[in-house]
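S.K.: Sequence and predicted model, in that order:
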Amino acid sequence: MRPDLAPEDDVLPVAREIQRGGKDLMIVGHLPFLDCLASQLLVKDAEAELIEFRKGAVVCLDYGDDRAWRLAWMITPEIL
């Protein structure tokens with residue numbers, strides 16, 4: 001468990017660590033942190049609000065060979 005995944009924490013330290021990590025991982029956390037982290041990874045703007053990330057949703061981001069993040073899929077609570 002990490003101490004820096006609280007709802008209002010700055011996403012930049014986590015985003016930087018993910019970029020350096022180079023391996024698959026799953027992050028379980030709270031909103032709005034996860035919204036902001038996904039936006040930071042996708043377009044380097046934590047405030048962009050790209051994904052309507054609702055409670056109970058699962059989002060998968062892929063890191064491509066071109067060193068860019070993409071939304072691979074999203075599952076909402078209604079699907080589950």
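M.R.: Happy to help now that I have it.
S.K.: Spell out, range by range, the strands that occur in this structure.
M.R.: Counting by DSSP state E, one finds strands in the chain at the ranges 58-63, 69-75.
S.K.: nearest to Leu50, of these?
M.R.: strand 69-75 (7.9 Å; C-beta to C-beta). For every residue, glycine as well, the C-beta is placed using N, CA and C.
S.K.: Give me the contacts around that closest one.
M.R.: 38, 41-42, 50-51, 57-64 (C-beta atoms under 8 Å, 6 or more residues apart in numbering).
S.K.: one more time with 6 Å, if that's ok
M.R.: By C-beta atoms under 6 Å, 6 or more residues apart in numbering, the residues outside strand 69-75 that reach it are Leu41, Leu42, Val58, Val59, Cys60, Leu61, Asp62, Tyr63.
S.K.: now, the most widely separated pair of those residues?
M.R.: Spanning the widest gap among the contacts of strand 69-75 are Val58 and Tyr63, at 17.2 Å by C-beta to C-beta.
S.K.: More neighbours: these two, which one.
M.R.: Between Val58 and Tyr63, Tyr63 has the larger neighbour count (other C-beta atoms under 10 Å), namely 17 against 14.
S.K.: Next one: the nearest residue to the more buried one once chain neighbours are set aside from Lys55, what distance?
M.R.: Excluding the flanking residues, the one nearest Tyr63 by C-beta to C-beta, 6 or more residues apart in numbering is Trp69, at 5.6 Å. Note on Trp69: its distance to Lys55, by C-beta to C-beta, to the nearest Å, is 23 Å.
S.K.: now Gly64
M.R.: The value you get for Gly64 to Lys55, if C-beta to C-beta is used, is 29 Å.
S.K.: so where do the helices sit in the protein?
M.R.: For the chain, applying DSSP state H gives helices covering 12-21, 33-43.
S.K.: Show the pLDDT at the residue nearest the centre of the chain.
M.R.: The chain has Ala38 as the residue nearest its centroid, 3.2 Å off, counting by C-alpha atoms, centre = their mean. Looking at Ala38, its pLDDT is 96.
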